[in-house]
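Asks: Here is my input; please provide its structure:
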Amino acid sequence: MLPTVARVLDLDVMRRGLPEVVAGAAQLERPVRWVHVSELPDVAGMLQGGELVLTTGIALPEDRDGLARYVRELDEVGVAGLVVEFGRRYFDSLPRALVHAADQRGLPLIVLRRELRFVAITEAVHALVVNAQLEQLRTSEAVHQVFNELAVEGAEPAEVVRQVARMAGRPVVLENLAHQVLTHDPAGRSESELLEGWERRSRGVHPPGRTGYDPRSGWLVTAVGARGQDWGRLVLAEEPVPLPAGTPHPHAMLLERGAATLALNRLVVRDRESLERQTHRTLLSGILTHSLTVSEVALRAQALGVPLESRRLVGVVLRQRREPIPAALEAQARLRDFTELAAGAIRACRLTALVGALDDEGVGLLITLGSQQDEHTALDSFATALRRLVTESSRDTPAPAVEPVIAVGSSVGSVRDARRTLLEATQVADAALHDGGRTSSYYRLPDVRLRGLLHLLRDDARLQTYVERELGPLLAYDAEHGGQLVQLLRIYLDQGRNKSAAADAAHLSRPSFYDRLHKVERILGVDLDQVESCLSLHVALLALDAVRR
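Replies: Sure, this is the predicted structure:
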């Protein structure tokens, strides 16, 4: 960082001249880019700005207008300050016109009461300037090396923001164009103070240019985007500090390099889920795994534009009824598209919700409802919108549209209970996947009935023991002989013990089907004509599905 006028005055070589500030004392933080020695009254034409001008004043104008014009030209060109040495032209004081003009312009005006060798001042200040420039080069090289590595490694936005905050020592926030927080790093500060009322505060900050400093808020802001399409802003938030006009912010280059890395990574990974979905997924995961506290979830969701406090919260889990796709990349793309469809349905219904992938197969939502919103109406509207979007998206693909399973948990009244409604929705979704005959909008726990109860108990060792006791011998026979007797038993029970209908459903002749059914009876030691035996086996098959999920 370039030395300021105040730093120059504090040098030993300057102190020996007994410097005294006689005007512009409020502007001593101006950076000094160079030192220029001149006695010419029209020296401004040779300057570029940022110079500290040294003079004995021997050739300065004598009249008031000439002195005022001299100060005005120096100020307009942007000099850092003017130093006048006593002993040649002036001895005890400077002309009032010179001091008044400098004071009016806010130009630092310093007198040296003892004679100095100007070359000594020049050498000392230029040494500071060169050292500052070398330090800037070293810093720039270090910044570029760090962010080049992050770009090559495809670092997540959170890691890029964390690195910017660490190097700047200040809180950093990445927001979208709606001023919602995508990711942030408080740099050791209070997270609540950083994010409280973020959208309102951010909308009031409009610095000029793509990168600009807002002196009122103290924020340094740069746009994030590429190819002429900005999609967010990177904000370095700190307390307001005086920054001389025309002086670049010391962290501007760091912030711009971080923004460039974010933009580049977004281009490289544009086929992955959006930043909004990543952030939503992180919050949903934090709720389910307890990795985030209740206050952290509420605060981050509020900053993201999804208020959770003083609202009714409804957990929703979406699954797709189709066979898993072997190709991992294709499965990820399908899940990403399904997640974006869910987010689109939420927007279409003008609801607010956290929307993100829960696992490799499902999408989770935490819908927030106000006191005037009817829960059933909102869920019906969402289900209708989602099915419409799924149908529309399938028009460009050869595969027919697949009805999504929409499972809903019980509504809760606090963020602390959000985990419960999400877990319940997950359990309902797992159970509902095997129910192919339902046509209503969505499932809730009462809708999945016995299947839902078994899914709730699937981790209970007693249920697993029951499955083994009822079906163990048949499962072992199929495993050893490569048979399909368990499936045949399932078809028989699904057809209401109607042997003729079951034979048709199994695509077998009746004698062949009857023969295999007798084999099932021998292996299990049961009579399939008894209602109680069939009921017990049917429950065991449903429990087997639950355990295997």
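Asks: Help me confirm that residue 333 is found in a helix?
Replies: Yes: Residue 333 sits within a helix when classified using DSSP: H, G, I helix; E, B strand; the rest coil.
Asks: Report how many residues lie close to it.
Replies: 15 (other CB atoms under 10 Å). C-beta coordinates here come from the backbone N, C-alpha and C atoms, glycine included.
Asks: pLDDT at it, what is it?
Replies: Residue 333 is assigned 75 on the pLDDT scale.
Asks: and the next element down the chain from whichever strand or helix holds residue 465?
Replies: If you go by DSSP states H and E, residue 465 is part of helix 461-481. Per DSSP H and E, helix 461-481 leads on to helix 485-494 as the next helix or strand towards the C-terminus.
Asks: which ones are touching the closest residue to residue 503 other than its chain neighbours?
Replies: The shortest distance from residue 503 to any non-neighbouring residue, by CB to CB, 6 or more residues apart in numbering, is to residue 513 (3.8 Å). Shown in contact with residue 513 (CB atoms under 8 Å, 6 or more residues apart in numbering): 488, 499, 502, 503, 506.
Asks: Just the ones of those in helices?
Replies: 488, 499, 502, 503 (DSSP state H).
Asks: how about the CA coordinates for the host helix or strand of residue 70, as PDB?
Replies: For residue 70, the host element (DSSP H and E) is helix 64-77. Extracted C-alpha coordinates of helix 64-77, given in PDB (Å, rounded to 0.1, in the frame of the first residue of the first chain):
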ATOM      1  CA  ARG A  64      -3.600  36.600  -4.300                       C
ATOM      2  CA  ASP A  65      -5.100  35.400  -7.600                       C
ATOM      3  CA  GLY A  66      -1.800  33.900  -8.800                       C
ATOM      4  CA  LEU A  67      -1.400  31.900  -5.500                       C
ATOM      5  CA  ALA A  68      -5.000  30.800  -5.700                       C
ATOM      6  CA  ARG A  69      -4.500  29.700  -9.300                       C
ATOM      7  CA  TYR A  70      -1.300  27.800  -8.300                       C
ATOM      8  CA  VAL A  71      -3.200  25.800  -5.600                       C
ATOM      9  CA  ARG A  72      -6.200  25.200  -7.800                       C
ATOM     10  CA  GLU A  73      -4.100  23.700 -10.600                       C
ATOM     11  CA  LEU A  74      -2.200  21.500  -8.200                       C
ATOM     12  CA  ASP A  75      -5.500  20.300  -6.600                       C
ATOM     13  CA  GLU A  76      -7.200  19.700 -10.000                       C
ATOM     14  CA  VAL A  77      -4.300  17.500 -11.200                       C
END
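Asks: elements contacting that helix?
Replies: Applying 3 or more CB pairs under 8 Å, 6 or more residues apart in numbering; DSSP states H and E, we find helix 64-77 packed against helix 96-105.
Asks: just checking, next helix/strand downstream of the helix it packs on?
Replies: Next along from helix 96-105, by DSSP H and E: strand 109-112.
Asks: mind listing what that following strand pairs with, with the direction of each?
Replies: strand 19-23 (antiparallel), strand 81-85 (parallel) (DSSP bridges).
Asks: most tightly surrounded among those?
Replies: strand 81-85 (a mean of 24; mean count of other CB atoms under 10 Å).
Asks: which residues are contacting it?
Replies: 5, 17, 19, 24, 27-28, 30, 32, 52-57, 71, 74, 90, 94, 102, 107-112, 115-116, 118.
Asks: In PyMOL, how would I select the buried members of these?
Replies: Command for PyMOL that selects the buried part of the contacts of strand 81-85, burial taken from 16 or more other CB atoms under 10 Å:
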select buried, resi 5+17+19+24+27+28+30+32+52+53+54+55+56+57+71+74+90+94+102+107+108+109+110+111+112+116+118
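Asks: still on that earlier bit, can I get the strands paired with strand 109-112 in JSON lines including mean pLDDT?
Replies: Below are these laid out as JSON lines (pLDDT from 0 to 100):
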{"stretch": "strand 19-23", "mean pLDDT": "93"}
{"stretch": "strand 81-85", "mean pLDDT": "94"}
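Asks: could the ones you listed be laid out in CSV, adding distance to residue 145?
Replies: Output for those, formatted as CSV (distance: least, CB to CB, whole Å):
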stretch, distance to residue 145
strand 19-23, 41
strand 81-85, 36
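Asks: Nearest to residue 376, out of the ones you listed?
Replies: Closest to residue 376 of these is strand 81-85 (CB to CB; 72.5 Å).
Asks: Show me which of the contacts of residue 513 are buried.
Replies: 488, 502, 503, 506.
Asks: and residue 162, how many neighbours does it have?
Replies: Here the number of neighbours of residue 162 (other CB under 10 Å) works out to 18.
Asks: again, but for residue 215
Replies: Residue 215 has 12 neighbours, counted by other CB under 10 Å.
Asks: Begin at 50 from now on, thanks
Replies: Will do, 50 is the new start, and the previous item becomes residue 264.
Asks: Please name the nearest non-neighbouring residue to it.
Replies: That would be residue 289: by CB to CB, 6+ apart, it lies 5.8 Å from residue 264.
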